[in-house]
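Q: Here's my sequence, what's the structure:
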Amino acid sequence: MANPEQISFRDNFESGDATGWSGGETDTGNYLDIVHYSTLAGIPGMPMPHSGAYCARWIVSGGDSTADAIFTEADININTAVTNWVKFNVWIDPNFKTNTTANDNIVLFEGTATTAESFAFGIDYVNATDSLVWSIGTHATAATPSTDSTRQVKLGVWHTIELKMHVVTGSAAGDITLFVTEEGQEPSTTATATLASIQNAVVTEGLFGVQDPASTTNCIILMDDFQYSGIAAASGARIFPTKNRFSTTRQFLSSGLVKELGSFHAFVGAGTVSNVTWLTGGGTAALLGIYDTDTAQTHTGNRKAALTQSLAGEVIDVPAVPFDVTRGCYVQIDDSGNGNQEVIITIERAPNWFSDGNMRRFAQRRNLGG
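A: Take a look at the predicted model:
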């Protein structure tokens, strides 16, 4: 399992924007946004975000736009003979609909090279069987995810996607392996799809989002908590799915190799935090702040705790606990050049958390001013 120092890039959208991505957001068709749980709660059939208060949403309506809608990150790069991993969560609309008479290969994640795509993951609508399946592709097929698994996509359910990428440029010795785990299930140990004995191109950046939807395809796609394990010249490790989205113990690992601001909503709504443990990384300058908010508002009026790291490798039991919040518990770590941070929040009480239903009911009251 990946350690904090192996997670070189992560964005869970809990800041409410795309500032975590080095290349930002590209959305010329205007169908991508970062959506708050209170907005999703007002739409029949929508789930809550997989992690926290926000997730990314694509409202695919091919008749309006077939343009790509993506986030771009330059820190997703893989040299030859290196094996790295990505993990993220995806939910596909139960009302997925397409009228195409051919297959529709929709890319959801792609590793790009200097002159071409290197590999891709996505979903493939197979016209002959009227089915939607998980799919992967390689540089040899221009990264179109057209190597289909036999496993159909279960609509209306969160899935964790894990993609193992072993890049080899000089010979056909690389491989790509896909693992798909349905929410609530044990982590998949059997590959959903594999491409072996392939020759790739070196990856220079990652593209996360919807690419190439057909003009007749209509659906909503939600994705959340993207993580990348490894660096260009050093292999990473499998990250594994979150076993329980609504655990009473919430753990957050900040990016260990690329120093950045990290944040997460431990829960939303009123509640009590009984303990906070901070495992610091190297250096002495990282900052930890905890705020009473469900919208990433970090002004001092919302602050419940604020600490500055004083020693490398500390285990700090944060003072001023237990404490209560009314809107939610938001945690922010400023690495300040000192990565490998880990924060563990223990929840004593959070009646508006622990299920999609609880979150939805709270959001509906919240939207009415309650």
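
Q: Every contact and neighbour count from this point should use C-alpha atoms.
A: Fine.

Q: How many residues are close by Ala285?
A: Ala285 is flanked by 17 other residues according to other C-alpha atoms under 10 Å.

Q: neighbouring contacts of the lengthiest helix in the chain?
A: Counting residues, the longest helix found in the chain (DSSP state H) is helix 356-367. Applying C-alpha atoms under 8 Å, 6 or more residues apart in numbering, the contact partners of helix 356-367 are 37-38, 41-42, 47-48, 268-269, 351-353.

Q: Turn those into JSON lines, including secondary structure, neighbour count and distance to Asp27.
A: JSON lines is the format used below for these (DSSP: H, G, I helix; E, B strand; the rest coil; neighbours: other C-alpha atoms under 10 Å; distance: C-alpha to C-alpha, whole Å):
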{"residue": "Tyr37", "secondary structure": "helix", "neighbour count": "25", "distance to Asp27": "21"}
{"residue": "Ser38", "secondary structure": "helix", "neighbour count": "21", "distance to Asp27": "23"}
{"residue": "Ala41", "secondary structure": "helix", "neighbour count": "21", "distance to Asp27": "24"}
{"residue": "Gly42", "secondary structure": "coil", "neighbour count": "14", "distance to Asp27": "24"}
{"residue": "Pro47", "secondary structure": "coil", "neighbour count": "20", "distance to Asp27": "23"}
{"residue": "Met48", "secondary structure": "coil", "neighbour count": "24", "distance to Asp27": "23"}
{"residue": "Val268", "secondary structure": "strand", "neighbour count": "28", "distance to Asp27": "29"}
{"residue": "Gly269", "secondary structure": "coil", "neighbour count": "21", "distance to Asp27": "32"}
{"residue": "Pro351", "secondary structure": "coil", "neighbour count": "16", "distance to Asp27": "37"}
{"residue": "Asn352", "secondary structure": "coil", "neighbour count": "21", "distance to Asp27": "33"}
{"residue": "Trp353", "secondary structure": "coil", "neighbour count": "24", "distance to Asp27": "32"}
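
Q: Adding distance to His159, write these out as TSV.
A: Shown next, in TSV, are the contacts of helix 356-367 (distance: C-alpha to C-alpha, whole Å):
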residue	distance to His159
Tyr37	18
Ser38	21
Ala41	20
Gly42	22
Pro47	12
Met48	13
Val268	22
Gly269	25
Pro351	25
Asn352	23
Trp353	20
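
Q: and the two most separated of these?
A: Greatest spacing in those, by C-alpha to C-alpha: Gly42 and Pro351 (19.6 Å).

Q: what sits against the nearest residue in space to Asp17 that is not next to it in sequence?
A: Using C-alpha to C-alpha, 6 or more residues apart in numbering and skipping the chain neighbours, the partner closest in space to Asp17 is Ile34 (6.3 Å). Ile34 is in contact with 13, 16-18, 54-57, counting by C-alpha under 8 Å, 6+ apart.

Q: Kindly state the pLDDT recorded for Arg327?
A: We note a pLDDT of 95 for Arg327 in this prediction.

Q: Over to Leu261?
A: 60.

Q: With Ala266 instead?
A: pLDDT, Ala266: 96.

Q: burial of it, as a residue count?
A: Residues within reach of Ala266, counting by other C-alpha under 10 Å, total 27.

Q: all helices in the stretch 51-200 of the chain, in order from the N-terminus.
A: Under the criterion DSSP state H, counting those that start in this stretch, helices are not mapped anywhere in the stretch 51-200 of the chain.

Q: which regions of it sit below the pLDDT cut-off?
A: 100, 114-116, 139-143 (pLDDT under 70).

Q: partners of the host helix or strand of the residue nearest to Asp17, with directions?
A: Element membership for Ile34, per DSSP states H and E: strand 32-36. Here strand 32-36 has these sheet partners by DSSP bridges: strand 54-61 (antiparallel).

Q: contact partners of the partner strand?
A: 12-14, 16, 31-37, 49, 69, 210, 213, 215-225.

Q: Stretch 320-331 now?
A: If you take C-alpha under 8 Å, 6+ apart as the criterion, stretch 320-331 is touched by 263-276, 288-294, 296, 304-305.

Q: now do the same end-to-end measure for that stretch.
A: Stretch 320-331 has its terminal residues 15 Å apart, counting by C-alpha to C-alpha, to the nearest Å.
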